[in-house]
Every structure is written in C-alpha cells, then in structure tokens.
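Colleague: The sequence isn't on hand, but the structure is:
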C-alpha cells in the first residue's frame, strides 16, 4: 500500500503540473501536432479532436485512468509516429504527458495487483468462513462428500479403503441432484 500511495502522489504531482501547463502550452502544442513530420493517419485531421479532448480533460481536473488518446501527446508516441528522416516535434508538455502516462501505467499495474490480492484474500476468507459455518450447522454439500472420499483414498490406508469398497461394489452411481 505504501508503494501505491507513493505512486499515486507522484502521479498527482505530475498531473497537477500538466493541468497548470496546458493553458499556456495549448496553442504551441496544437501547432506542433499539425507538423507535416507526423503520420497524418494518426494526427493530421484528428489534431482538433485531440486538442478538444485535452481541453475537456484539463477542464475536468484530469483524473485516473487517463482519457483515450492521451498517449498521442506523449514524447514516445510522437517519436514513434514521426515520418522517417524527420525530427519529432518537441515540447515540455509532451515530456510532461510522458511522465503522467508512465505514472498512470505504474499506478494501474499496482492497483491491479492489489485488487488481485484482495480477491484472493476474499476467496480464502469466504472458503474458511463457509467451512466453519457448515461444520457449526452440521451441513455437507455434495462437493464435500466427493472431497472427503478423495482425501480418504489419498491418505494412509486409502489403498485398503479402495480394496474394501471395490470388493463390495463394482461401481458407483452418484446422483447430485436434490430431486426428491
């Protein structure tokens, strides 16, 4: 949890910087995104929509997770979508977006891991509580019968149990439905 807290603080700090920088950087960023050096299929006519999306993101105070197409403002994405033998557009805002995106990715990863941990803990606790409750109420489910038989066959003396049952009965038919 400490790591998640630290990553959340780092993300929030970078995001605050982005929110502050956008109004001043907006026009220059828009101009740089219109650069003919960039892949027109990714940027081109889409620049106005990207600028509007960033305007809305900033006006809303930003947030987590990031909006769609946020990566198109990052330095790495711009470099990847720059035509051969051309220089990618550069601006502090693009580097700031890169930092925000990397922080968001790290935070999302750690939150996903923590959620997985919580799910495992919940399942383990629920299984334990269910077992305790069934024992207290003297209740067995069909699965319990099968598991107990499997466990008995795998313990010492399980081979003898299998022989005794096998001598008495050649097979078993199990009806798991409560239809009576």
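Modeller: Cool, the structure landed. Fair warning: this is a prediction, and the values are worked out from it, not measured in the lab.
Colleague: Okay, now the unreliable bits of this structure?
Modeller: Scanning the chain with the threshold set as pLDDT under 70 gives 174-180.
Colleague: residue closest to the middle of it?
Modeller: Among the residues of the chain, the one closest to the centroid is residue 112, at 4.2 Å (C-alpha atoms, centre = their mean).
Colleague: What is whichever strand or helix holds that residue packed up against?
Modeller: Using DSSP states H and E, residue 112 sits within helix 92-137. Helices and strands touching helix 92-137, by 3 or more C-beta pairs under 8 Å, 6 or more residues apart in numbering; DSSP states H and E, are helix 2-33, helix 75-80. C-beta here means a position set from N, CA and C on the backbone, and glycine is covered the same way.
Colleague: which one of these lies closest to residue 141?
Modeller: helix 2-33 (37.5 Å; C-beta to C-beta).
Colleague: what's the spacing between the residue lying closest to residue 77 once chain neighbours are set aside and residue 78?
Modeller: On the basis of C-beta to C-beta, 6 or more residues apart in numbering, the spatially nearest residue to residue 77 that is not a chain neighbour turns out to be residue 71, at 4.8 Å. Applying C-beta to C-beta, to the nearest Å, one obtains 10 Å for the distance of residue 71 from residue 78.
Colleague: which of the two has more neighbours?
Modeller: Each of residue 71 and residue 78 has its neighbours counted (other C-beta atoms under 10 Å); residue 78 has more, 26 against 16.
Colleague: isn't that one right up against residue 38?
Modeller: Yes: the pair formed by residue 78 and residue 38 meets the contact definition of C-beta atoms under 8 Å, at 6.9 Å.
Colleague: Touching both of those two, which residues are there?
Modeller: Residues touching both residue 78 and residue 38 by C-beta atoms under 8 Å, 6 or more residues apart in numbering: 88-89.
Colleague: Count the neighbours of residue 133 for me.
Modeller: With neighbours defined by other C-beta under 10 Å, the count for residue 133 comes to 10.
Colleague: Can you verify my assumption that residue 97 contacts residue 73?
Modeller: Yes: because the distance of 4.1 Å satisfies C-beta under 8 Å, residue 97 is recorded as touching residue 73.
Colleague: Nearest to residue 56, out of the helices and strands packed on helix 92-137?
Modeller: When the helices and strands packed on helix 92-137 are ranked by proximity to residue 56 (C-beta to C-beta), helix 2-33 comes first, at 11.1 Å.
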